[in-house]
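Peer 1: Build me a structure from this.
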Amino acid sequence: MSLSHGGRSAFERLRARLGEGSHACEECGFVDDASEWEAATSGATVEYRRECPSCGTEHVRRYRL
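Peer 2: Prediction:
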């Protein structure tokens, strides 16, 4: 595995980039500054997910590799 940009993988950099955006839930508007995206990959896609602690809505970002 090749690491670059300070030892961070491409997946870690993308997760950090997602974390820079708004932490407000798209459904209820609750702001959770402590939320983090969880990542899973199938080999062909990467999914980043997080759940709103207020209403339980699951937010998903999916990227094809």
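Peer 1: quick one: buried residues of the helix or strand of the chain with the lowest mean pLDDT?
Peer 2: Least confident element among the helices and strands of the chain, by mean pLDDT, DSSP states H and E: helix 10-19 (a mean of 81). Within helix 10-19, the residues that count as buried by 16 or more other CB atoms under 10 Å are 14, 15. Backbone N, C-alpha and C define where each C-beta goes, glycine included.
Peer 1: elements contacting it?
Peer 2: Applying 3 or more CB pairs under 8 Å, 6 or more residues apart in numbering; DSSP states H and E, one finds that helix 10-19 contacts strand 38-41, strand 45-51.
Peer 1: Quick check: beta-bridge partners of residue 38?
Peer 2: residue 49 (DSSP bridges).
Peer 1: Next: residue 24.
Peer 2: On the basis of DSSP bridges, residue 24 is bridged to residue 31.
Peer 1: Touching, it and residue 31? I think so.
Peer 2: Yes - shown here, residue 24 and residue 31 form a contact pair, counting by CB atoms under 8 Å, at 4.9 Å.
Peer 1: pLDDT below threshold where in the protein?
Peer 2: 1-7 (pLDDT under 70).
Peer 1: what about 80?
Peer 2: 1-7, 11, 19-23 (pLDDT under 80).
Peer 1: nearest spatial neighbour of the residue positioned nearest the centre of it, skipping sequence neighbours?
Peer 2: Nearest to the geometric centre of the chain sits residue 37, at 3.2 Å (CA atoms, centre = their mean). Computed as CB to CB, 6 or more residues apart in numbering, the closest residue to residue 37 that is not its neighbour in sequence is residue 48, at 4.1 Å.
Peer 1: what's near enough to touch the one you found?
Peer 2: 14, 15, 18, 37, 38, 39, 60, 61, 62, 63 (CB atoms under 8 Å, 6 or more residues apart in numbering).
Peer 1: I'd like these laid out as CSV, including distance to residue 54.
Peer 2: Formatted as CSV, these follow (distance: CB to CB, whole Å):
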residue, distance to residue 54
14, 25
15, 22
18, 19
37, 17
38, 18
39, 22
60, 17
61, 19
62, 23
63, 26
